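In: Sequence and computational prediction follow.
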Amino acid sequence: MIDKIYCAEIKPEMERQRIKLAGWVYRKREIKDKVFIVLRDSSGIIQIVFKEELSKEAYGKARKVGIESSIIAEGVVKPDPRAPGGVEIQGDRIEVISNVEFFPITKDASEEFLLDVRHLHLRSPKVAAIMKVKATLMQAAREWLLQDGWYEVFPPIFLTAAVEGGSTLFKLKYFDKTAYLSQSAQLYLEAAIFGLEKVWSLTPSFRAEKSRTRRHLTEFWHLELEAAWMDLWDIMKVEEELVSYMVQRTLELRRKEVETFRKDLTTLKNAEPPFPRISYDEAIDILQSKGVQIEWGEDMGADEERVLTQEFDRPFFVYGYPKHIKAFYMKIDPEDERKALAADMLAPEGYGEIIGGSQREDSYEKLVQRIIEEGMDPKDYEWYLDLRKYGSVPHSGFGLGVERLVAWVLKLDHIKWATLFPRTPARLYP
C-alpha cells in the first residue's frame, strides 16, 4: 500500500510539512511557468502547484497529464486562502501511473450520456457525496438497530410466489422450475420472528413496474423489519425513531455533503419523533379541499402524495388505508372492515412515500380468505400459512426504500441518482 495522506487530511497548520498524495487529476490549468492541478481522491480535492523553477522534471510531467490521469505527487504544504480549503501543495515530484489523453465526460454532458457512461460518472465528487450520504444513512440504521436489539438476517432472493402482486414479478427459469426475483423479503422475515422476535434485512428488491416517475426503479435496496408482539402503532414508533436517528446521525457526520445538495436543512432537522399522523380519510379530505380529483377508496399516487406533503414540514404517517388497495397479508381493522391496519410514511417537499408498513394478518382462516379474494392459490403460500397454524402471534413490519430516503435527504430531482447503476424500464446498461 502506498504511504500517502488523503486530501481532506491536509490543513493550514501543516505548513511546510512534506507529504505524498495519490489520486486523479480533477482539474488542470497552466499559467506561464506554473501548472495547477486539482487532485481528487475519495476524501475530497486539493490543489497542487508545479513550478518550473522548483522542479523542471515535475513541471514537465505535470504539463503532459490529462484530466482523470492517475498520479502520485509529493510536495510541501502551503496555506493559501485562494486555494480550495485554504491550503495548497507546492509540488516537486510527480509519478504518472496512467495518463489519460481525453476523458469523455465534459461539463455540458447530458443526463442520458452520464447514465450511458455511469461507470465513469461515478468518479464525480458530487456522485461520491451522494454515495457517502447513502453509506452513512445505512451505518446509522445499523447503529440504531443494534442498540434496540434487532437481529440481522439474510433472506433469499429467489422466490416461488408474489409478495406485492403478480403483475410486478420478474419471472425466471430456475433449473426445471419457475422462480421469481424478490419483491420483498417480508414473508421470510415473518418466519424468522418466531425464533428471533425482532429481525431486519437489507436486500435488493425487484419490481417489474413500467412506471417512469422520478421515484421508481426496477431494482432498489430495501431495508425491512419484522417484529413479534407489535401492533401497527408499535411499529410506527419504531419507524419514526429509526428514520429520525438515520437522518440526524447523517447530518452530524455528513453535513458538508448534504449541504452540497440542499441549503435549507429545516425538514431534516424537524425529523424528530413523534411524526404527525393522519388517517387516510383525513388525507382524502385535505386533497379534495385542494381541488384534487380523488374519491374515498382510490389509491394515492405520486401526484396526490406531492400535494399532501405540502401540508407538512417533516415526515408524517397516513394510516388506515382501504383494504382493497393494500396487500393480502395486511390485517383488517376490526373496527372497520373496509380498512387495513396499514400505514405509510411520507417525506415532505413532494417526495412522498418512503416507508410502507402494516400489522400482519395473524389468523390462518382470515389469511386464506384474503389470498383467495386476491385470486391467488393458497397452495402457493402453504409454508407462509403454516406460520399461522403453529404459535401465531400479533406482529408487524415495514419496508423502507433506501434510495427514496436518500433522494429526500439530498433533495435529488430523480431517484436514479441515488444508486450506483440505476435500473429502470428503459435502462439496463451499464
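Out: Thanks, I have it.

In: rest of the way, CA atoms for contacts and neighbours
Out: Fine.

In: residue boundaries of the helices in the stretch 101-250 of the chain?
Out: 111-116, 118-121, 125-147, 186-196, 232-261 (DSSP state H, counting those that start in this stretch).

In: Just send the ones you listed back as JSON lines, with mean pLDDT too.
Out: Below are the helices of the stretch 101-250 of the chain laid out as JSON lines (pLDDT from 0 to 100):
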{"stretch": "helix 111-116", "mean pLDDT": "98"}
{"stretch": "helix 118-121", "mean pLDDT": "98"}
{"stretch": "helix 125-147", "mean pLDDT": "98"}
{"stretch": "helix 186-196", "mean pLDDT": "98"}
{"stretch": "helix 232-261", "mean pLDDT": "98"}
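
In: Redo those helices as TSV? Include distance to residue 29 and mean neighbour count.
Out: As requested, the helices of the stretch 101-250 of the chain are exported to TSV (distance: least, C-alpha to C-alpha, whole Å; neighbours: other C-alpha atoms under 10 Å):
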stretch	distance to residue 29	mean neighbour count
helix 111-116	24	14
helix 118-121	22	16
helix 125-147	19	18
helix 186-196	54	18
helix 232-261	24	19
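
In: what's the closest of those helices to residue 155?
Out: Of all the helices of the stretch 101-250 of the chain, helix 186-196 sits nearest to residue 155, with 6.2 Å by C-alpha to C-alpha.

In: ok now that closest one, how far from the chain's centre?
Out: From the chain centre to the centre of helix 186-196 is a distance of 24 Å (C-alpha atoms, centre = their mean, to the nearest Å).

In: How about stretch 392-405?
Out: The answer for stretch 392-405 is 15 Å, by C-alpha atoms, centre = their mean.

In: cool, stretch 254-265 as well?
Out: Relative to its chain's centre, stretch 254-265 lies at 16 Å (C-alpha atoms, centre = their mean).

In: Okay, the closest residue to residue 18 other than its chain neighbours and residue 153: tell me how far apart.
Out: Nearest in space to residue 18, with sequence neighbours left out and distances taken as C-alpha to C-alpha, 6 or more residues apart in numbering, is residue 76 at 4.4 Å. According to C-alpha to C-alpha, to the nearest Å, residue 76 stands 50 Å off from residue 153.

In: Looking at those two now, which is surrounded by more residues?
Out: Between residue 76 and residue 153, counted using other C-alpha atoms under 10 Å, the more crowded position is residue 76 (17 against 14).

In: Identify the residues contacting the residue nearest to residue 185 when sequence neighbours are not counted.
Out: In this structure, residue 185 finds its nearest non-sequential neighbour in residue 155, 6.2 Å apart by C-alpha to C-alpha, 6+ apart. Counting by C-alpha atoms under 8 Å, 6 or more residues apart in numbering, residue 155 makes contact with 185, 188, 189, 201, 203.

In: again, 10 Å this time
Out: By C-alpha atoms under 10 Å, 6 or more residues apart in numbering, the contact set of residue 155 is 182, 184, 185, 186, 187, 188, 189, 192, 200, 201, 202, 203.

In: Ok, residue 338 next?
Out: 297, 320, 321, 322, 323, 324, 332.

In: Please dump the residues you listed into CSV; it should also carry secondary structure for every row.
Out: Conversion of those to CSV gives the following (DSSP: H, G, I helix; E, B strand; the rest coil):
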residue, secondary structure
297, coil
320, coil
321, coil
322, strand
323, helix
324, helix
332, strand
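
In: Restricted to buried residues, select the residues you listed in PyMOL.
Out: Entered in PyMOL, the line below selects the buried ones among those, by 16 or more other C-alpha atoms under 10 Å:
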select buried, resi 297+320+321+322+323+332
